[in-house]
Each structure stands twice: as structure tokens, then as C-alpha cells.
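Peer 1: My questions are about this predicted structure, shown below with the sequence.
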Amino acid sequence: MTQQNLIQACSQNNAVAQRELYNRYSGLMFGICYRYAYRKEDAEDMLQEGFIKIFCSIISFENKGNFEGWMKRIMVNTCINYLQKNKKFAEIINIELVQHLEVKESNIASKLLGKQVMECLRMMPFGFRTIINLYAIEGYTHKEIAGMLGISEPTCRTQYIRGKAVLESILIDKKIIRSTNDKLEWMALLNS
């Protein structure tokens, strides 16, 4: 079934088409949810909620943009709403705990696998992890992120800078990178 036919059938609440859409995109969408979730179970809940929203609003998709991008945006918003609803952003404003960290240069000299960086990202507090996901991976602006999370734009920028410093410290502690004097753009690996 073509994507266009699949979308049309899903907009008519065709259960077979909905199952096929889920099977076709659930792996990709789960990857998005997993980046935001602390536990696999949370990611599964986010995925389920996201697909419910996709199925409920698929009739509004007008084939004017990328369907996969449209679904990703719904999934990201679902993840943010899930975290807010479950009070996962409590630490986003409390940045005093990491004020002792020095903001480090974002260049690192060793070759890294994106998977290693992503696993280290998952070790971070929700607030930092979410802002890095939204900014560095999803491509939202600080202004958009601030609106999504209900924080000020300067707080968002500060959280991003400090989040990068925390991630870099984790990478150094895990001996994935050697020091902050290295020269590889490790942040670019988040998109790989």
C-alpha cells in the first residue's frame, strides 16, 4: 500500500491500515520517545499516546509537507506533554546543582559513535536531555523550546549550554573522549 493510500485509509479509521502504519513507523517513533524517556516503559507509553494522536489527527494532514516529519512533530510534542504531565521537568529550573561545571569547548579529537553519545545523553537529567534533544537533534529554536516547556528563552539557552557541559563530562568520565582540548565536533554525532 502506498503512503498516500495508507494515509487515506487511516483517515477513515481503517484498523488494518492503522496497524500497517504503526508497523511501518513504530521503530523510528520509538527511537524518538526513547531519547526523552528515562525508562523503556515510559517510552512505550509515549509511543502509544503519540500514535493515538496521530490516528486522531491524520485527517488533518493535507499532503503539503513530509508525512514522516509531521508524525515526528506529533511524537516530540507527545513526549514533552508526557514529561510535563508526570512532573519530569522539576530539575529544569534548578540549575544551581551544576553551576560548578565549567562550560567547555564543544570540539573533541577522537572519533565517536553516535550511539555512544546517545547512551551518555540518556544518563543526563531530564531537563538537560530534553533541551539537547529538542535543540541539537530535532532542530527547534530556543524560543520554540522555551514556549514548549514554559520557561524563558535565556533559561533555555543556559540549560542547553550547561547540558552540553554535563554531557561532555559524562563522555570524559566514561572515557569515550579524552579531554576538552580535543577537536572533533561530538555534538554533530547526535544526529547520526
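Peer 2: Structure received. Residues are numbered from 1 along each chain as shown.
Peer 1: Would you mind splitting this protein into its domains for me?
Peer 2: As given by automatic domain parsing, the domain ranges for the chain are 3-85, 91-191.
Peer 1: element containing the spatially closest residue to residue 75 that is not a sequence neighbour?
Peer 2: Among residues not flanking residue 75 along the chain, residue 50 sits closest, at 4.2 Å (C-beta to C-beta, 6 or more residues apart in numbering). Bear in mind the C-beta positions are built from the backbone N, C-alpha and C, glycine included. According to DSSP states H and E, residue 50 maps onto helix 40-57.
Peer 1: hmm, who's touching that helix?
Peer 2: By C-beta atoms under 8 Å, 6 or more residues apart in numbering, the residues outside helix 40-57 that reach it are 10, 13, 18, 21-22, 26, 29-30, 33-34, 36-37, 71, 74-75, 78-79, 81-82, 86.
Peer 1: cutoff 10 Å now
Peer 2: Residues outside helix 40-57 that contact it (C-beta atoms under 10 Å, 6 or more residues apart in numbering): 10-11, 13, 15, 17-18, 21-22, 25-27, 29-37, 39, 61, 67, 70-72, 74-83, 85-86, 88.
Peer 1: re the thing from before, can you redo the domains of the chain as a markdown table with mean neighbour count and mean pLDDT?
Peer 2: Listed next are those as a markdown table, based on neighbours: other C-beta atoms under 10 Å; pLDDT from 0 to 100:
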| stretch | mean neighbour count | mean pLDDT |
| --- | --- | --- |
| domain 3-85 | 16 | 93 |
| domain 91-191 | 17 | 72 |
